[in-house]
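J.: attaching a predicted model along with its sequence, questions to come.
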Amino acid sequence: MLAESSWNSLEVAKLAVGILTPLLLVGLGVLINRTARRVESAQWANRRVLDRRLELYDDMAAPLNDLYCFFHLVGGFREIDPPKALALKRELDKLFHVNRFLFSPRFGDLYLQQMETYFRVYTGTGKPAKIKSPIHFQRAERTAARWHSEWEPLFDPEAQLAEGDFEGLRRYLTSVDRAYTMLMTAFAEEVGVRSASRGARKRRRQPEAGTSITAAPASGATIDS
């Protein structure tokens with residue numbers, strides 16, 4: 001009688017396993033499928049954000065470079081007069097603020113930092129920003145024939161330097177260059193490009209990390225793989 005009871009228990013256990021195993025497999029399959037869909041959805045969303053950032057890079061990189069040329073007085077700076085520099089700022093501000101939450105907080109901070117380096121942004125209610133650049137420097141590089149006195153009220157009086165203040169001019173140019181370089185480096189990282197120097201430091205700390213491919217040898221940038 002005991003042997004028969006044990007046999008029945010074994011058969012019940014086998015039957016239970018036979019029923020539960022397919023159910024568990026189905027449940028596991030559903031879970032894996034849902035997880036895969038969530039991962040795929042997240043990847044799709046990240047791709048859309050990256051695509052939008054690339055579009056914004058196309059829209060913003062050239063005006064940002066124009067502002068850099070204007071303040072550093074290099075490249076085609078003579079094609080950018082003070083009213084145009086202010087117009088470029090307004091154009092860039094609109095693009096940035098409309099899309100601000102697509103970028104990282106670090107990029108947002110660096111954008112605002114650059115604008116505060118180049119312009120006095122809070123000049124009073126309803127008043128436009130002022131250009132933080134030495135007037136005599138702008139006038140000398142453009143020559144008197146290309147300079148218009150009506151531009152001078154567009155400049156920030158507190159940012160002016162004495163004509164012989166070469167140390168002040170050096171600090172001014174350094175701040176202009178640093179703000180632009182930091183912002184554009186961060187912008188490149190926002191679209192998946194990182195500087196070669198940062199990548200080298202990462203590889204020294206973590207030799208086992210993944211590889212990368214060179215995007216532009218001349219600029220020293222790499223694209224994360």
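T.: Thanks, I have it.

J.: where exactly do the strands run in this protein?
T.: With DSSP state E applied, the chain shows strands at 119-120, 130-131, 193-195, 212-216, 221-224, listed in chain order.

J.: mean pLDDT lowest where, among these?
T.: Comparing mean pLDDT across these, the weakest is strand 212-216, with a mean of 33.

J.: where's Ala145 relative to Glu79, distance?
T.: Look at Ala145 and Glu79: by C-beta to C-beta, to the nearest Å, they are 15 Å apart. No exception for glycine: its C-beta is placed from N, CA and C like everyone else's.

J.: compare these two (neighbour count), which wins?
T.: Regarding Ala145 and Glu79, a neighbour count based on other C-beta atoms under 10 Å identifies Glu79 as having more, with 10 against 5.

J.: got the contact list for that one?
T.: The neighbourhood of Glu79, defined by C-beta atoms under 8 Å, 6 or more residues apart in numbering, contains no residues.

J.: wait, what's in contact with Leu173?
T.: Neighbouring residues of Leu173 by C-beta under 8 Å, 6+ apart: His72.

J.: now with 10 Å?
T.: 71-74, 137 (C-beta atoms under 10 Å, 6 or more residues apart in numbering).

J.: report how many residues lie close to Pro82.
T.: As a burial measure, Pro82 scores 20 neighbours (other C-beta under 10 Å).

J.: is it true that it touches Ile131?
T.: Yes - Pro82 lies in contact with Ile131 (C-beta atoms under 10 Å); the separation is 5.8 Å.
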